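J.: coords below, sequence missing:
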């Protein structure tokens, strides 16, 4: 249990948080939500200990471990991918090193009767037990499982981390966190650099994780799959919902309707009170009553709704000019970077009005093909745009093409022609650039603001073929919903690269999967594609493998071995039951102590130190009992 107590943070003279208090329980799966700038990332950094609040504290019990994945990461080292991932097991590697040292000393010892020799034997025994309990024999297979789950190939394991882009290095850091299995995992936009298959694998992994999770994500499907609690940050306060994201949206709507009704009633009461004050303040006999009403009015806590919360991009694409029947035609197209083949002899046609999603693992050529279609990349073969095709293109790193020294207004005004020159301010307003915000220079904009400005740029000319590469990066969920609605009403041809399943669902009617240099066509939206592809995670694969091995082994077992196994299983079952009973009793006792420690007056109590010591000692005993239970389960699993 981690306790966030009376947290206050200021930013630019404004309260980012004001006396925020909540607890993170051991099995919580929390999604942090709120508009951009609400303080979600800051809250994660505070819990991780990377940022100190102006007031309040984060109480973390002794022995609790935290893994934190930020949005941006700078890593430089000379390790291979596998070596870097192996750092997650530093505690095992230290034991392993000492184990070999002691074994060497025992091997070369001559005085077997000495105390030193017997001490070495005892240490060797203790180290061997710890080595086994920590699962050292499974370390490399665990690393392989997680790296492959996050999209790495076995051939990548021996490559230097420096050879990989920032997105792939982020995956390495995520792998280390997952392998360490901390008590609390903090993730800030973990899906930004993952493809659909890797996101699904991560969902499955996190569901099986024993610790708590707090995450920030704009991926609605990911939030719904992983979280069971949503904490909303609004105007420095938090609202805690015991529900996943989609259910939270419903509950929030109900809460806002209640608040709106209460606000209207309060305004009526305030107006009525003001009328009474004005009526009685001039009368000497009623002056005291009027003063009482004024004091009552001053003490009234005004009910506020988050007006800014309803701010979102609002736009519609202009009418599209009619194109020919074929919008894009590709014949025998190939693309290589040096010796690396990205696309190999692909051919396809995109017809007018089709809505196609490009999906597949990162590095399979999705972005490369979009660049080839719009003419930003060379290739072998032939790609031809159809008759009267007017192309609009949003690149994955579109924001980098903006003039950093220009203002928001100048970027759009410079590109606008004809009637659009008179509508620049209205266009910018629909993308949340209002008032003085239009005079901000591009270089000071956030990632989300740059993305919105790039999307606004798309509307300056009518297009009948839109090619969008990861258009939802940096957009919050509400803005993504509005963008999706606008695209649903778009009458032209659409090609979109995205790993956001919720965004793609219902938006496209065809999927091109990129794999091994080729593309394969699937009719239907992204969830239909996933069903047809029957993507299975590594856990399912392992279960099937285990079943096959079990069937093969059972055929080979002799009658005597079967009887011995039954005997051993019965013994282990009794030991496991006993351990589970001990664990349940200890957890109950811990819960009692946790409640006592969480009481407001507990810190100042003379028994606080004693209770804390009892809690820590009981926690150590519990950890030891769980380790014993885990070893018994593992031993039983090997027999079953």
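T.: It's in. Just so it is clear, the structure is predicted and the values come from calculations on it, not from any experiment.
J.: drop to CA atoms for contacts and neighbour counts, all remaining ones
T.: Fine.
J.: let me know how buried residue 258 is, in neighbour terms.
T.: 11 (other Cα atoms under 10 Å).
J.: sec struct for it, please.
T.: Three-state assignment for residue 258 (DSSP: H, G, I helix; E, B strand; the rest coil): helix.
J.: quick check: longest helix of the chain.
T.: Across the chain, the longest stretch assigned as helix under DSSP state H is helix 559-598.
J.: elements contacting that helix?
T.: helix 608-639 (3 or more Cα pairs under 8 Å, 6 or more residues apart in numbering; DSSP states H and E).
J.: only the buried residues of the helix it packs on, if you could.
T.: 611-612, 615-616, 618-619, 622, 625-633, 636 (16 or more other Cα atoms under 10 Å).
J.: tell me the contacts of residue 507?
T.: By Cα atoms under 8 Å, 6 or more residues apart in numbering, the residues touching residue 507 are 355, 484, 487-488, 525.
J.: is it in a helix, a strand, or coil?
T.: What three-state DSSP gives for residue 507 is coil.
J.: any idea how far it is from residue 491?
T.: From residue 507 across to residue 491, the span is 12 Å (Cα to Cα, to the nearest Å).
J.: if we can go back for a sec, and the longest helix of the chain with helix 608-639, angle?
T.: 160 degrees (axes from the mean of the first three to the mean of the last three Cα atoms, to 10 degrees).
J.: chain center to helix 559-598, what's the gap?
T.: Averaging C-alpha positions (Cα atoms, centre = their mean, to the nearest Å) puts helix 559-598 34 Å from its chain's average.
J.: tell me the mean pLDDT over it?
T.: Averaged over helix 559-598, pLDDT sits at 77.
J.: same question, stretch 211-220
T.: Mean predicted confidence for stretch 211-220 is 93.
J.: so what touches that stretch?
T.: 24-33, 40-41, 44, 181-191, 223, 245-246, 475-477, 500, 502.
J.: so where's the protein uncertain?
T.: Residues of the chain that meet the criterion pLDDT under 70 lie in 12, 74-76, 284-286, 305-314, 399, 534-563, 600-604.
J.: break down the stretch 51-200 of the chain into its helices, ranges please.
T.: 81-86, 90-108, 115-133, 139-149, 166-180, 196-208 (DSSP state H, counting those that start in this stretch).
J.: likewise the stretch 201-350 of the chain?
T.: Per DSSP H, counting those that start in this stretch, the stretch 201-350 of the chain carries helices over the ranges 220-226, 245-280, 287-299.
J.: give me the buried positions along the longest helix of the chain.
T.: Buried residues in helix 559-598, counting neighbours by 16+ other Cα under 10 Å, are found at 569, 572, 575-576, 579, 582-583, 586, 590, 593, 596-597.
J.: now those residues in CSV, with distance to residue 338?
T.: Shown next, in CSV, are these (distance: Cα to Cα, whole Å):
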residue, distance to residue 338
569, 58
572, 58
575, 60
576, 58
579, 59
582, 62
583, 58
586, 61
590, 60
593, 63
596, 65
597, 62
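J.: buried stuff in stretch 478-492?
T.: Judged by neighbour count (16+ other Cα under 10 Å), stretch 478-492 contains these buried residues: 478-487, 490-492.
J.: from these, which is closest to residue 444?
T.: Distances from residue 444 to the buried residues of stretch 478-492, taken as Cα to Cα, are shortest for residue 479 (20.6 Å).
J.: part of a helix, is that closest one?
T.: Yes. Assignment of residue 479 by three-state DSSP places it within a helix.
J.: isn't residue 443 up against residue 404?
T.: Yes. Using Cα atoms under 8 Å, residue 443 is in contact with residue 404, at 4.6 Å.
J.: before we move on, the earlier item: from the contacts of residue 507, which land in strands?
T.: residue 355 (DSSP state E).
J.: now do the buried residues in stretch 49-63.
T.: So stretch 49-63, judged by 16+ other Cα under 10 Å, has buried residues 52-53, 56-58.
J.: what's the end-to-end length of it?
T.: Stretch 49-63: ends 15 Å apart by Cα to Cα.
J.: what does it rub up against?
T.: Under Cα under 8 Å, 6+ apart, the answer for stretch 49-63 is 1-10, 19, 42, 45-47, 616.
J.: ok, stretch 566-581 next?
T.: 625-626, 628-629, 632-633, 636, 639-640.
J.: recalculate using a threshold of 6 Å.
T.: If you take Cα atoms under 6 Å, 6 or more residues apart in numbering as the criterion, stretch 566-581 is touched by residue 629.
J.: again with stretch 628-638
T.: Taking contacts as Cα under 6 Å, 6+ apart, the residues outside stretch 628-638 that touch it are residue 579.
J.: for the residue nearest to residue 177 when sequence neighbours are not counted, name its beta-bridge partners.
T.: With sequence-adjacent residues excluded and distances taken as Cα to Cα, 6 or more residues apart in numbering, residue 177 is closest to residue 67, at 5.5 Å. Residues in a beta bridge with residue 67, per DSSP bridges, are residue 185.
J.: what's the burial count for residue 67?
T.: Using other Cα under 10 Å, residue 67 is surrounded by 19 other residues.
J.: hang on, it packs against residue 183?
T.: No. Residue 67 is beyond contact range of residue 183, at 8.0 Å (criterion: Cα atoms under 6 Å).
J.: how about the helices of the stretch 201-350 of the chain in TSV, adding distance to residue 124?
T.: Shown next, in TSV, are the helices of the stretch 201-350 of the chain (distance: least, Cα to Cα, whole Å):
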stretch	distance to residue 124
helix 220-226	42
helix 245-280	51
helix 287-299	71
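J.: compare those and give me the one nearest residue 142.
T.: When the helices of the stretch 201-350 of the chain are ranked by proximity to residue 142 (Cα to Cα), helix 220-226 comes first, at 21.3 Å.
J.: which of the residues in the closest one are buried?
T.: Neighbour-count burial for helix 220-226, counted by 16+ other Cα under 10 Å, picks out 220-224, 226.
J.: stretch 197-211 now?
T.: Quick answer for stretch 197-211 (16+ other Cα under 10 Å): 197-206, 209, 211.
J.: just the residues you listed now: which is nearest residue 424?
T.: Of those, the one sitting nearest to residue 424 (Cα to Cα) turns out to be residue 199, at 38.6 Å.
J.: for residue 508, see how far away the closest one is.
T.: Separation of residue 199 from residue 508 (Cα to Cα): 20 Å.
J.: what of residue 9?
T.: Distance from residue 9 to residue 508, by Cα to Cα: 43 Å.
J.: and what of residue 625?
T.: Relative to residue 508, residue 625 is positioned 52 Å away (Cα to Cα).
J.: now residue 396, nearest residue through space, not along the chain?
T.: Closest to residue 396 by Cα to Cα, 6+ apart is residue 469, at 4.9 Å.
J.: cool, residue 207 as well?
T.: residue 226 (6.2 Å).
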